[in-house]
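In: quick one: sequence plus predicted model below, questions after.
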Amino acid sequence: MHSRFNLITAGLLACFLINSYVWSATPEEISQNPVWLKLLHYREGSSEIDDDSFFLSRNGKTDPLGELKATLEAFETSREKGDRHPVCRYPARYLFLKKYFDIKPSVKPECRELSDFLKEVRPSSVSFVFSDYYINSPASMYGHTFLRIDPPFKNPLLGYAVNYAANADRAEGILYYIKGLTGGYKGFYSIFPYYKKIFEYSHLESRNLWEYRLNLSQEDARFIALHVWELRDHYSYYYFFDKNCSYQILYLIDIVRPELNLTERFSRWTIPVETIREIENAGLITEKHFRPSATTLINSFVKSDPTLTEEDIKKAKSVALFQIPPEEILNSGISEEKKGKILELSKLLFMYYSIKNRIEHREYRKKLLKILRARSKIHYRVKPYIKKPSPPEEGHRPQKISLLWGTDQGKKYTGFVYRTAYHSLEDDDTGYMEGSEVIFPSIRVINYPDLNKTVVDRLTFVKITSMAERNIVFRPVSWGVDFSVERRWDRDRKIPFTVLDVMAGFTHRIWDSHVFYGISTAGEVAVSRINHSRVYSGPEIITVSGRGIFKIVSRTGAGLMLTKNGLKTAFKFSLSGNIKTGQNSSITLSGRLDRVFYKTRYLLQFSVNIFF
């Protein structure tokens, strides 16, 4: 009895303390609460939500106190019924504010749509998802991140993806790039079943997924879901390099962990893999899971089984495209094991082709069932070996500074290279897409001490290379573009040229899994302000090989160069060897030969590279 009395007394005391805290809070104090500011997406005195309809106060974008007062007034005085009531439209705000204020709506809100939403999503936990680099899109060449809200069940496929993306049209061509860089598109949050996102990335864009379970509670997951609900149909302007998908997703974590201030850690650039590192450094990641794309599954299937012949793969493709019926494989005279492998591969190929070719859902189900029925008649189990790559956060950091020592045609020099982002062919590929190169603003400055001369040797605006491997199943086109200002030889001296270099070709793997080469046709236009412009065209071969910490890249090109003095032959060869000395450090020894205007020039260089 005595213990029961103490328990009741403690409960009454707790209620008294809570009520005292509620009534002692003032709007001025709560308007500066980090959670309230994050719910409004405030940064540096202004909200990063650009849609005026998101705010209940006329000056809500820049006045958090005014927005708080307008919100409290709307909650208590609104006569809206059903899901139009402010409590239903702003459930995260309501949940937060009722901790501090005794809110009494004049009309009892009936939030049926919100209730149905919560029943469907069933928020229980949260995961952070990284989709692999997609070099053919400027918005995704660094990768993409989004959240997954998971239900109480263990199957993540039943979760819901929370995404932020630009409402953009890639058919706009060059305008798509310009608007993406300058905030010309509106970005929106959206939420939809996770399995649809897997279909989109794993099959259509062939991107692997990395899933990171976050150390967030069920209450946190519910609060995030409520905030996503109130962000529906409200936009903020999208910028490819800073206010992008990865940046905006961090706000959803900040509202439940405001002390981390994740959004404040990014200003000029928001690179998706860097957000993973920040989340990991904050101790939020509890486990990691790799989900291979359809392309990875198919390539692993083919590479891991040496008994599959080219003819077998062609048969699997024919079945997947329904050029031959699956029953033809069952009725053939090959072994049961081979039948199982061909039909298993045809199933994977069909799933890939059906999404890529956008087959109607009813037709997709009908054809897939035909393949599955045939496969079920073969009781041989096929389990391809999938080599799990290194997670992206284990790669080097995106920025790099290199200290240089070298000789240019016998003239000694020192210098540096500063690169803002991201990865070059010579860099270690751990955590990156093999055969890819993405370089945005980079500057190379060198000093010739004997000449007492310092020059900007190269200014790179953008350089992208995609060496996508071709095989019997997939036949992508490799391509590259380089837009820069570079000092190049013109007879007996170097002068600056504005260069646009483009190439297209194909890439094959040879010898073993560590050597591949690309053959391309390169076209180049180099313009000089002193009328020494030139146009070059010719084949180029790039080889990339590496094992462990060592990597070698060579480039060989020969072609014809059109100058003001007529047609000339040109030859170039470069070779670099890179040794990884740590996750964020390496050393490189490189050399280059150029033969232009019937003269051969050489350059030798040693560099120490630091990534940060």
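Out: All right, it came through fine.
In: and the gap between Gly184 and Lys453?
Out: According to CB to CB, to the nearest Å, Gly184 and Lys453 sit 42 Å apart. C-betas here are computed from N, CA, C, even on glycine.
In: between these two, which has more neighbouring residues?
Out: Neighbours per residue (other CB atoms under 10 Å) separate Gly184 from Lys453, with Gly184 holding more: 16 against 11.
In: nearest spatial neighbour of the more buried one, chain-adjacent residues omitted?
Out: Ile178 (6.9 Å; CB to CB, 6 or more residues apart in numbering).
In: host element of that neighbour?
Out: Here Ile178, judged by DSSP states H and E, is contained in helix 174-182.
In: and that helix, average pLDDT?
Out: Mean per-residue pLDDT for helix 174-182: 82.
In: mind listing what's buried in it?
Out: For helix 174-182, burial by neighbour count (16 or more other CB atoms under 10 Å) applies to 176, 179-180.
In: now, which of these sits nearest Lys377?
Out: Ranking the buried residues of helix 174-182 by separation from Lys377, with CB to CB as the measure, puts Tyr176 on top at 48.3 Å.
In: that closest one reaches Asp169, doesn't it?
Out: Yes: assessed by CB atoms under 8 Å, Tyr176 is found in contact with Asp169 at 6.8 Å.
In: re the thing from before, and the buried residues of helix 174-182 as JSON lines, adding distance to Arg148?
Out: What follows is these, written out as JSON lines (distance: CB to CB, whole Å):
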{"residue": "Tyr176", "distance to Arg148": "28"}
{"residue": "Lys179", "distance to Arg148": "29"}
{"residue": "Gly180", "distance to Arg148": "25"}
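In: what about the nearest residue to Leu451 once chain neighbours are set aside, how many residues close to it?
Out: Computed as CB to CB, 6+ apart, the closest residue to Leu451 that is not its neighbour in sequence is Lys411, at 7.0 Å. The number of residues packed near Lys411 is 14, by other CB under 10 Å.
In: and if you look at the one 4 residues further on?
Out: The local packing count at Gly415 equals 20, with neighbours defined by other CB under 10 Å.
In: Glu393 too?
Out: Counted with other CB under 10 Å, Glu393 comes out at 21.
In: element containing the nearest residue to it once chain neighbours are set aside, please.
Out: Using CB to CB, 6+ apart and skipping the chain neighbours, the partner closest in space to Glu393 is Ile276 (4.6 Å). Here Ile276, judged by DSSP H and E, is contained in helix 272-281.
In: now do the buried residues in that helix.
Out: So, applying 16+ other CB under 10 Å, buried residues of helix 272-281: 272-279.
In: and the pLDDT for the residue nearest the centre of the chain?
Out: Nearest to the mean C-alpha position of the chain, by CA atoms, centre = their mean, lies Gly143 at 1.1 Å. pLDDT recorded at Gly143 is 89.
In: hmm, back to that, doesn't Val129 make contact with the residue nearest to Glu393?
Out: No: assessed by CB under 8 Å, Ile276 is found out of contact with Val129, at 10.0 Å.
In: hey, what's in contact with both of the two?
Out: 145, 210, 212 (CB atoms under 8 Å, 6 or more residues apart in numbering).
In: so how far is stretch 129-149 from its chain's centroid?
Out: Distance of stretch 129-149 from the chain centroid (CA atoms, centre = their mean, to the nearest Å) equals 2 Å.
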